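Asker: A structural model of the following input is requested.
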Amino acid sequence: MHIDKRLLKLTNPIRSVILFTILFGILAAVATLGQAYFISDTINYVFLNNLTLSDVEILIYFIVALSLFKSLFIWAEQNFANKIATYIKIKLRNKISDYIFKLGPNYTKSEKSGEIANTLVNGVEKLDAYFSQFLPQLFLSALVPFLILVFVFPIDLLSGFVLLVTAPLIPVFMVLIGSAAESINKKQWKTLSIMSAYFLDVIQGLTTIKLFGRSNHIINKISIISLIFKNSTMKVLRIAFLSALVLEILSTISIAIIAVEIGLRLMYGNMEFQPALFILILAPEFYNPIRQLGARYHAGMEGVAAAQSIFNILETDLPKNIKKYEVNNLSVKSIEFENVHFAYEGGERKAIDGVSFTIKKNEITALVGSSGSGKTTTTNLLLKFIEASEGNIKINNNNLGEINRDEWLQQVGWISQNPYLFHSSIKENLLIAKEAATEDEILNATKLAKIDGFINSLPNGFNTIVGERGVRLSGGEAQRLALARAFLKDAPILILDEPTANLDPTTEAEMVESIKLLTKNKTVLMIAHRLNTVKYADNIIVFSKGKIVEQGNHDFLSQLNGSYSELLKKYRGNN
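Answerer: Sure, this is the predicted structure:
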């Protein structure tokens, strides 16, 4: 397994912590060397030189002290290693979250939410073992054996050569076995991501599944996916256990070779007892860091497999977010689309083709047309969620591409057909629009949206939890809450994506009254599906197959007997 340079780069801000981790690991090895020396010395004095316990009492104190120091160094090493992993996980989760926000809604629409959530939670968690165990052990497995060799070679050249020759056998077999396991680890991670994404889809679509009687089919599919994940996990475990067995056998054989060659020389009087015992005690410690690296090798591979999905997100090209103009200094007088083009799927599918129109200050501009005609794409361009492939969007003759997206969106209010409400209280859902809003501002916004009476009727009032996606509210209540958010934000530019489309006539009429109040003295862009809502628009733009085919007010377009008239006929026929 190669060391991923991208993962190493994440440790740049905490290199000192890594150095301390390695330092304490080396100090623990030095303590082990001291223990081995004093233990061999004590046994030599007691059994061969016939000294009493009191004669070697000072040596025993040294052994106990070194044991305590070794425990302290090991604790410090693990503590610093855990700090590395904790720091990386927190920073990486923040970085991924921030990057996803910068990528915008269009990225999340093209990816499975379950896979993104799995990467953000489980993927980052998999890196814990990589940074806290595998990475420090990688350095210690090279430094500690080298340190032991430095002490062994001056004492016994032959034993030093045996250690030097047998040591590479363990990492060689570890890499040979690990190379086969790496692809299996990647497959296991991919299966886990697919399973997570599918589970989320099932939970979100539970009502649909029950209504169409597909529960048994879904359960069977979950069983199949779970079985595939189980099989891939078992393959990984089989290789992990095989690797552990091979490493144990190799290290045991290597230690046995040391023991045999030292034993034979002791038998023939070619070696003294104290250095022989010292080397025999050190032999397991020499191979132990390499064995631990082998044991943690699979944790490293799991981390690398998970990291791939993390970097797939972080290496996605960001939309341009240039800051050339200060939005707060721009009093928006007009928004102008100049020959704007955009295509999805790498330019294969045109969404809008040479669109040009102007949205004037304090006027209502409506976009109408059949589904797929380019209305939503036009809105996403204005929101800077996507970038035009050709043409320009001008704000007071300033290029929208040269305005910071986050600052620009502060000037825009938005109400959609299906507003998203978070699993939190009514108040927290309102504060999304304006975090520093006062109680009076919140109350005023709910009154203007005509939802204050409903909120006050609830036992917990503004602290009522609305549920995920606002499931505890009716469609009309959710829309009114979204309308209250728009009142609270009070942005000078307002985008309406047919917010009354799914409401009953009574609720719709009440919503229209509130929307008229909201749009007063604002620059409004409205996406209209129900044409009765656009009659009072100052400018109606008719889209067809990504192009503007007609433009004007309701009375003018009605008399043309063109595309708008056809849409009116269809709408009236369906109502």
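Asker: What's the local residue count around residue 229?
Answerer: The criterion is other Cβ atoms under 10 Å. On that basis, residue 229 has 17 neighbouring residues. Yep, even glycine has a C-beta here, placed from its N, CA and C like the rest.
Asker: Chain neighbours aside, what residue packs nearest to it?
Answerer: Here the nearest residue to residue 229 in space, its sequence neighbours aside, is residue 191; by Cβ to Cβ, 6 or more residues apart in numbering that works out to 4.7 Å.
Asker: Going by neighbour count, which residues of the host helix or strand of the one you found are buried?
Answerer: When secondary structure is defined using DSSP states H and E, the element that contains residue 191 is helix 169-204. Residues 169-171, 173-174, 177-178, 181-182, 184-198, 200, 202 are the ones in helix 169-204 that count as buried (16 or more other Cβ atoms under 10 Å).
Asker: Mind checking what helix or strand follows the helix or strand hosting residue 354 in sequence?
Answerer: With secondary structure defined by DSSP H and E, residue 354 is part of strand 349-360. Past strand 349-360, heading to the C-terminal end, the next element that is a helix or strand (DSSP H and E) is strand 364-368.
Asker: what helices or strands is the helix of greatest length in the chain leaning on?
Answerer: Across the chain, the helix with the greatest residue count (assigned by DSSP state H) is helix 215-267. With contacts defined as 3 or more Cβ pairs under 8 Å, 6 or more residues apart in numbering; DSSP states H and E, helix 215-267 has these neighbours: helix 157-166, helix 169-204, helix 273-314.
Asker: Adding mean pLDDT, write those out as CSV.
Answerer: CSV is the format used below for those (pLDDT from 0 to 100):
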stretch, mean pLDDT
helix 157-166, 88
helix 169-204, 73
helix 273-314, 83
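Asker: Residue 65: which of those helices is closest?
Answerer: Between residue 65 and the helices and strands packed on helix 215-267, the tightest spacing by Cβ to Cβ is seen for helix 273-314, at 17.4 Å.
Asker: Check the offset of the closest one from the chain's centre.
Answerer: Its chain's C-alpha centre lies 28 Å from the corresponding centre of helix 273-314 when counted by Cα atoms, centre = their mean, to the nearest Å.
Asker: same deal with stretch 72-91?
Answerer: Computed by Cα atoms, centre = their mean, the separation of stretch 72-91 from the middle of its chain amounts to 22 Å.
Asker: List of residues touching it?
Answerer: With Cβ atoms under 8 Å, 6 or more residues apart in numbering as the contact definition, stretch 72-91 has outside contacts at 10-11, 13-14, 17-18, 20-21, 24-25, 27-28, 31, 124-125, 127-133, 135-136.
Asker: Just the buried residues of that stretch, please?
Answerer: Here stretch 72-91 shows 73, 76-78, 80-81, 83-85, 87-89 as buried, counting by 16+ other Cβ under 10 Å.
Asker: average model confidence for it?
Answerer: Taken as a whole, stretch 72-91 has an average pLDDT of 92.
Asker: So which bits of stretch 341-358 are buried?
Answerer: For stretch 341-358, the buried set under the neighbour-count rule, 16+ other Cβ under 10 Å, comprises 341-343, 350-353, 355, 357.
Asker: Run through the strands of the stretch 451-575 of the chain in chain order.
Answerer: Secondary structure of the stretch 451-575 of the chain (DSSP state E, counting those that start in this stretch): strands at 493-497, 523-527, 539-544, 547-552.
Asker: Would you confirm that residue 452 contacts residue 442?
Answerer: No. The criterion here is Cβ atoms under 8 Å, and residue 452 misses it with residue 442 at 9.7 Å.
Asker: out of those two, which sits in the more crowded spot?
Answerer: Using other Cβ under 10 Å as the criterion, residue 452 and residue 442 rank with residue 442 on top: 22 against 18.
Asker: Quick check: the gap between the more buried one and residue 434.
Answerer: Here the distance between residue 442 and residue 434 works out to 9 Å (Cβ to Cβ, to the nearest Å).
Asker: so what sits against both of these two?
Answerer: Among the neighbours of residue 442, those also in contact with residue 434 (Cβ under 8 Å, 6+ apart) are residue 488.
Asker: Extract the C-alpha trace of stretch 362-374 and format it as CSV.
Answerer: Taking Å, rounded to 0.1, in the frame of the first residue of the first chain, the C-alpha atoms of stretch 362-374 are listed here in CSV:
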residue,chain,number,x,y,z
ASN,A,362,-39.4,46.9,-8.0
GLU,A,363,-41.2,45.0,-10.8
ILE,A,364,-42.5,41.4,-11.0
THR,A,365,-41.0,39.3,-13.8
ALA,A,366,-42.6,35.9,-14.4
LEU,A,367,-41.1,32.9,-16.2
VAL,A,368,-43.7,30.6,-17.7
GLY,A,369,-43.4,27.5,-20.0
SER,A,370,-43.7,23.8,-19.9
SER,A,371,-41.6,21.6,-17.7
GLY,A,372,-38.0,21.4,-18.9
SER,A,373,-38.2,24.6,-20.8
GLY,A,374,-35.4,26.3,-18.8
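Asker: any residues touching that stretch, and which ones?
Answerer: Stretch 362-374 is touched from outside by 351-353, 355, 357, 359, 375, 378-379, 519, 521-529, 531, 533-534, 536-547, 563-564, 567, with contacts defined as Cβ under 8 Å, 6+ apart.
Asker: For residue 23, see how far away residue 82 is.
Answerer: Relative to residue 23, residue 82 is positioned 16 Å away (Cβ to Cβ).
Asker: Let me see the contact set for residue 392.
Answerer: By Cβ under 8 Å, 6+ apart, the contact list for residue 392 reads 338-340, 399-401.
Asker: Measure how buried residue 438 is and give me the count.
Answerer: Residue crowding around residue 438 was assessed by other Cβ under 10 Å; the count is 9.
Asker: cool, residue 65 as well?
Answerer: 14.
Asker: Show the pLDDT at residue 211.
Answerer: pLDDT, residue 211: 66.
Asker: just the one 4 residues further on next, same as before
Answerer: According to the prediction, residue 215 has pLDDT 78.
Asker: what secondary structure does the residue lying closest to it once chain neighbours are set aside sit in?
Answerer: Using Cβ to Cβ, 6+ apart and skipping residues adjacent in sequence, the residue nearest residue 215 is residue 209, 6.0 Å away. State at residue 209, reduced to three classes by DSSP: H, G, I helix; E, B strand; the rest coil: helix.
Asker: got a list of what residue 209 touches?
Answerer: With contacts defined as Cβ under 8 Å, 6+ apart, residue 209 is in contact with 202, 215, 218.
Asker: and the host helix or strand of residue 87, how far out from the chain's middle?
Answerer: When secondary structure is defined using DSSP H and E, the element that contains residue 87 is helix 57-103. Helix 57-103 has its C-alpha centroid displaced from the chain centroid by 24 Å (Cα atoms, centre = their mean).
Asker: Return the alpha-carbon coordinates of stretch 158-166 using CSV.
Answerer: Output of stretch 158-166 as CSV, limited to C-alpha atoms (Å, rounded to 0.1, in the frame of the first residue of the first chain):
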residue,chain,number,x,y,z
LEU,A,158,26.4,-12.3,14.3
SER,A,159,23.1,-11.7,16.2
GLY,A,160,23.0,-8.2,14.6
PHE,A,161,23.3,-9.7,11.1
VAL,A,162,20.6,-12.3,11.8
LEU,A,163,18.2,-9.5,13.0
LEU,A,164,19.1,-7.4,10.0
VAL,A,165,18.5,-10.2,7.5
THR,A,166,15.3,-11.5,9.0
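Asker: and the nearest residue to residue 55 once chain neighbours are set aside, how many neighbours does it have?
Answerer: Among residues not flanking residue 55 along the chain, residue 45 sits closest, at 6.8 Å (Cβ to Cβ, 6+ apart). Neighbourhood size, residue 45 [other Cβ under 10 Å]: 16.
Asker: buried ones in stretch 100-107?
Answerer: Residues 100, 103-104, 107 are the ones in stretch 100-107 that count as buried (16+ other Cβ under 10 Å).
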